[in-house]
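Engineer: can't give you the sequence, but here's the structure:
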């Protein structure tokens, strides 16, 4: 709590400031930084990377399989994608995985 004297009228003003953590909207989160596409590629072991194409579209990395992955590889890739904050988009022949660059 601080007190200030108004230079115009001489009134004493009391100011109480709260740290950002105490605001009604909650703590202020630091802005997420975008990850480079090669950092996302490195999340996948080489034996999985050879089955996938990686492409940046807007603020996402789109990961498209070259061919049918099989259950075991699909589960491995899905696990990595979900752990990275991404998702699987089921769209027939256009199905793909999507990971946001910002997390």
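Structural biologist: Looks like it came in fine. No experiment lies behind these values; they were computed from the predicted model shown.
Engineer: got the end-to-end distance for stretch 48-59?
Structural biologist: For stretch 48-59, the first-to-last residue distance is 23 Å (C-alpha to C-alpha, to the nearest Å).
Engineer: which residues of the protein score low on pLDDT?
Structural biologist: By pLDDT under 70, the weakly predicted segments of the chain are 1, 6, 15-30.
Engineer: And the strands in it?
Structural biologist: For the chain, the strands defined by DSSP state E occupy 2-5, 12-15, 52-57, 60-65, 87-89, 96-100.
Engineer: Which parts of this structure are helices?
Structural biologist: Counting by DSSP state H, the chain has helices at residues 37-41, 46-49, 70-83.
Engineer: can you tell which of those helices is closest to residue 59?
Structural biologist: Minimum separation from residue 59 across the helices of the chain (C-beta to C-beta) falls at helix 37-41, 11.3 Å. Quick note: C-beta positions are derived from backbone N, CA and C, even for glycine.
Engineer: Show me which residues of that closest one are buried.
Structural biologist: Across helix 37-41, burial judged by 16 or more other C-beta atoms under 10 Å covers 37, 40.
Engineer: residues contacting residue 36?
Structural biologist: The contact partners of residue 36, by C-beta atoms under 8 Å, 6 or more residues apart in numbering, come to residue 101.
Engineer: mind running it again at 10 Å?
Structural biologist: 42, 56, 61, 101 (C-beta atoms under 10 Å, 6 or more residues apart in numbering).
Engineer: tally of neighbours for residue 44?
Structural biologist: Look at residue 44: counted by other C-beta atoms under 10 Å, it has 19 neighbours.
Engineer: ok so, going back, would TSV of the strands of the chain with mean neighbour count and distance to residue 38 be doable?
Structural biologist: Formatted as TSV, those follow (neighbours: other C-beta atoms under 10 Å; distance: least, C-beta to C-beta, whole Å):
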stretch	mean neighbour count	distance to residue 38
strand 2-5	9	50
strand 12-15	8	49
strand 52-57	13	9
strand 60-65	19	10
strand 87-89	14	21
strand 96-100	19	13
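Engineer: Redo those strands as JSON lines? Include distance to residue 78.
Structural biologist: Listed next are these as JSON lines, based on distance: least, C-beta to C-beta, whole Å:
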{"stretch": "strand 2-5", "distance to residue 78": "55"}
{"stretch": "strand 12-15", "distance to residue 78": "53"}
{"stretch": "strand 52-57", "distance to residue 78": "12"}
{"stretch": "strand 60-65", "distance to residue 78": "11"}
{"stretch": "strand 87-89", "distance to residue 78": "6"}
{"stretch": "strand 96-100", "distance to residue 78": "7"}
